[in-house]
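Peer 1: fold the following for me, if possible:
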Amino acid sequence: MIETVMNEINNKTASLCFMNESLKKHTTYGIGGPADLMIFPKSKQDLIKVIEIINENKIQLTILGSGSNVLVSDNGIRGAVISLKNSLKQIEVDNNILYAECGTMLGKIVKHAVKNNLIGLENLNGVPGTLGGALIMNAGAWGGEISENLIHVEVINSKSEIQKIQKKDLNFSYRQSSFNKDDILLSAKFNLKKADKDIIKENFIEAQSGRKKSQPLNKRSAGSLFKNPKNNSAGKLLDEAGLKGFSIGDAKISEKHANFFINDGDATSKDMLMLIKKAHKEVKDKFNVNLSLEVKLMGFNEDEIEGLC
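Peer 2: Numbering: from 1, shown residues only. Predicted structure coming up:
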């Protein structure tokens, strides 16, 4: 079935397709087993056609942006995995309105806004991943969130229809949104404000400098591992639990920032998952705080991740 679907996609689109593609090559952790079928659409039109073919053949579908903010099982992912790294990269500015497609890296969008003297996104400088992933998790940093200046998001819904969803209908909150699990994000529009370029540049540099000082940017990680509990900091709790520098195999809790779990060599997903469970349990036992994951777990069985949320 997988080979038949791959042949149909090759015949009807310009997408690149690979069977049994190792996902460790496509994640910032450098961890992950094979995808049964991995697809790289070349355009928005290709993406729509690929999804149509996959749905017609009732193949399980997983969307992978830049591969940040995810931990993929060593067993890989069954069905089809679509990577958006080669498509959905358009950015346009019309006065104070910024349009961007959801496969674009967030950092590139921030720089484009700064270049056009638009304020409102510069605090997100350095946040890893694509726009699509940032919207789904309502990514934020230094007091700002991606949803703040959002107008609407264009998605492909479960019926393979293109739909525009207004900000008010997405119920954004801290690291959460109400996109349907089958929604595939295509593009978004933001209403930004013109501002003095020196003020914008100052905010941009401040965010960049803050990240360099506090985060292990030279190590392979998926960004912040746990969400911050209300009125608290996950990194602070992990630090106070004595977990900085703790490791299992080559999976290690950063000595620079305890909420960054890094691949310090050739870590496996088993190593990383054991480390996550250890940290989760220590914080629960010592502070009675049940930390929630910010990183998304992919390809694991339910019993493997029981107790993590």
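
Peer 1: and the pLDDT at the closest residue to Ser43 other than its chain neighbours?
Peer 2: The shortest distance from Ser43 to any residue other than its chain neighbours is 5.6 Å, reached at Ser87 (C-beta to C-beta, 6 or more residues apart in numbering). All C-beta atoms are positioned from the backbone trio N, CA, C, and that covers glycine. Looking at Ser87, its pLDDT is 86.

Peer 1: just the one 5 residues further on next, same as before
Peer 2: The per-residue pLDDT reported for Glu92 equals 97.

Peer 1: before we move on, which element is it in?
Peer 2: strand 91-94 (DSSP states H and E).

Peer 1: and the residue nearest the centre of the chain, how far is that from Gly30?
Peer 2: Nearest residue to the geometric centre of the chain (C-alpha atoms, centre = their mean): Gly133, 4.0 Å. For Gly133, the distance to Gly30 equals 18 Å [C-beta to C-beta, to the nearest Å].

Peer 1: likewise for Leu98?
Peer 2: Counting by C-beta to C-beta, the gap from Leu98 to Gly30 is 32 Å.

Peer 1: what of Gly144?
Peer 2: Applying C-beta to C-beta to Gly144 and Gly30 gives a distance of 29 Å.

Peer 1: also Asp264?
Peer 2: Asp264 is 11 Å from Gly30, by C-beta to C-beta.

Peer 1: before we move on, what SS does Leu237 have?
Peer 2: helix (DSSP: H, G, I helix; E, B strand; the rest coil).

Peer 1: neighbours of it, how many?
Peer 2: Look at Leu237: counted by other C-beta atoms under 10 Å, it has 23 neighbours.

Peer 1: and Ser73, by the same measure?
Peer 2: Around Ser73 there are 21 residues (other C-beta under 10 Å).

Peer 1: now it, nearest residue through space, not along the chain?
Peer 2: In space, Ser73 is closest to Gly299, 3.5 Å off (C-beta to C-beta, 6+ apart).

Peer 1: please report phi then psi for the one you found.
Peer 2: Main-chain torsions, Gly299, degrees, to the nearest 10: phi 90, psi 0.

Peer 1: show me the contacts for it.
Peer 2: Gly299 makes contact with 32-33, 72-73, 75-78, according to C-beta atoms under 8 Å, 6 or more residues apart in numbering.

Peer 1: buried residues in stretch 21-32, which are they?
Peer 2: 21, 23-24, 26-32 (16 or more other C-beta atoms under 10 Å).

Peer 1: on that earlier part again, same for the strand holding Glu92, what does it pack against?
Peer 2: Using 3 or more C-beta pairs under 8 Å, 6 or more residues apart in numbering; DSSP states H and E, the elements in contact with strand 91-94 are strand 97-101, helix 106-115.

Peer 1: quick one on the thing from earlier: the residue nearest to Ser43: how many residues sit nearby?
Peer 2: Ser87, neighbours per other C-beta under 10 Å, totals 24.

Peer 1: my guess is it contacts Gln45, does it?
Peer 2: No. Ser87 is beyond contact range of Gln45, at 9.3 Å (criterion: C-beta atoms under 8 Å).

Peer 1: what about the helices in the stretch 151-300 of the chain?
Peer 2: Using DSSP state H, counting those that start in this stretch, the helices of the stretch 151-300 of the chain run over 197-214, 234-240, 269-287.

Peer 1: tell me which of these sits nearest to Ile53.
Peer 2: helix 269-287 (29.3 Å; C-beta to C-beta).

Peer 1: packing partners for the closest one?
Peer 2: By 3+ C-beta pairs under 8 Å, 6+ apart, helix 269-287 packs against strand 70-72, helix 234-240, strand 247-248, strand 251-253, strand 260-263.

Peer 1: now for these, which one comes closest to Glu306?
Peer 2: strand 70-72 (15.5 Å).

Peer 1: ok, back up a step: was I right about the residue nearest to the centre of the chain contacting Gly65?
Peer 2: Yes. The criterion here is C-beta under 8 Å, and Gly133 meets it with Gly65 at 4.5 Å.

Peer 1: who's in contact with Lys284?
Peer 2: By C-beta under 8 Å, 6+ apart, the neighbours of Lys284 are 290-291.

Peer 1: still on that earlier bit, and the gap between the residue nearest to the centre of the chain and Ala14?
Peer 2: In terms of C-beta to C-beta, Gly133 sits 24 Å off from Ala14.

Peer 1: also Ile165?
Peer 2: 28 Å.

Peer 1: likewise for Asp94?
Peer 2: In terms of C-beta to C-beta, Asp94 sits 29 Å off from Ala14.
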